[in-house]
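**Student:** Give me a 3D structure for the following:
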Amino acid sequence: MKPLKTFDKEAVKFNLAKIKKGGENFEIIVEPEKIIEFKNHKINNIGEVLRYEKIFSDAKKGYLASETQLESVFGTNDPLKIAEVILNQGEIQFTQEYRDKIREEKRNKIIDIISRNAIDPRTGLPHPRTRIEAAFDEARVKIDELKDAESQINDIVLKLRPILPIKFATKEIQIKIGPNYAPKAYSVVQRLGKIKFDNWQSDGTWVCTIEIPAGMQNEFFDKLNKLTHGAIESKILS
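**Tutor:** The predicted structure follows:
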């Protein structure tokens, strides 16, 4: 079968899902972001995942699988039904460029989550981001490009702990802000954590108790001190 010439120039950019069945190779060209969403059960529309609704025997050469082959192996020539089989049972093959990009993005997101939510149990203080990054390198942490950053946290923390003591914790803080800054402070505090109790006093002073990730304690106070020019009373409850 003649190849589809329109694909030749962009073949190196193809992200594929492929499977071998009945002694034959079958491939589909996928949108990389969508295949990750599909694998993490965020979408189930196969059409969104496919770049082209076609089944190939060799996508990089532009060769389509014959309808006879498809009927023989899959019992149908419907590209969406066949693509679903390939996506669920086959192998995902990203371009090197995309793998590097997505791994770096997820690595940064995971490090950000750890730095915001975890502390050093020996000191009760958050680890500097640079220390977490160094521990990643020392532990040779591998990022799975098909999994959400959040779903990889637990396994990665287990690998980091022999190098970097990590404890996920929260801080409960009581704050009191005068009427001049309280209205603006409310929206900032609400974004940073979970307000467990609040009370607006008759003069417009706002008192609240907030729960935040322990690693965000410094950021929390920095933002509020900047907003109120230091006119804030606070007490760490736990």
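
**Student:** what's the burial count for residue 21?
**Tutor:** Counted with other C-beta atoms under 10 Å, the neighbours of residue 21 add up to 16. In short, each C-beta sits where N, CA and C put it, glycine included.

**Student:** end-to-end on stretch 40-47?
**Tutor:** Taking C-alpha to C-alpha, to the nearest Å, stretch 40-47 runs 16 Å from one end to the other.

**Student:** buried set for it?
**Tutor:** residue 46 (16 or more other C-beta atoms under 10 Å).

**Student:** nearest residue to residue 127 other than its sequence neighbours?
**Tutor:** In space, and not counting its chain neighbours, residue 127 is closest to residue 120: 5.6 Å by C-beta to C-beta, 6 or more residues apart in numbering.

**Student:** no wait, residue 170
**Tutor:** Residue 170 sits nearest to residue 211 (C-beta to C-beta, 6+ apart), 5.2 Å away.

**Student:** give me the element the one you found is part of.
**Tutor:** Using DSSP states H and E, residue 211 sits in strand 206-213.

**Student:** next one: residue 198
**Tutor:** Using DSSP H and E, residue 198 falls in strand 194-200.

**Student:** Also compute the angle for that strand relative to strand 206-213, please.
**Tutor:** 170 degrees (axes from the mean of the first three to the mean of the last three C-alpha atoms, to 10 degrees).

**Student:** got the CA positions of strand 194-200 in CSV?
**Tutor:** These are the backbone C-alpha positions of strand 194-200, laid out as CSV (Å, rounded to 0.1, in the frame of the first residue of the first chain):
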residue,chain,number,x,y,z
LYS,A,194,-8.5,26.5,54.7
ILE,A,195,-10.3,28.9,57.0
LYS,A,196,-11.6,26.9,60.0
PHE,A,197,-13.0,29.8,62.0
ASP,A,198,-13.5,33.5,61.4
ASN,A,199,-15.2,36.4,63.2
TRP,A,200,-15.7,40.0,62.1
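
**Student:** From the contact counts, what lies against it?
**Tutor:** Packing partners of strand 194-200 (3 or more C-beta pairs under 8 Å, 6 or more residues apart in numbering; DSSP states H and E): strand 206-213.
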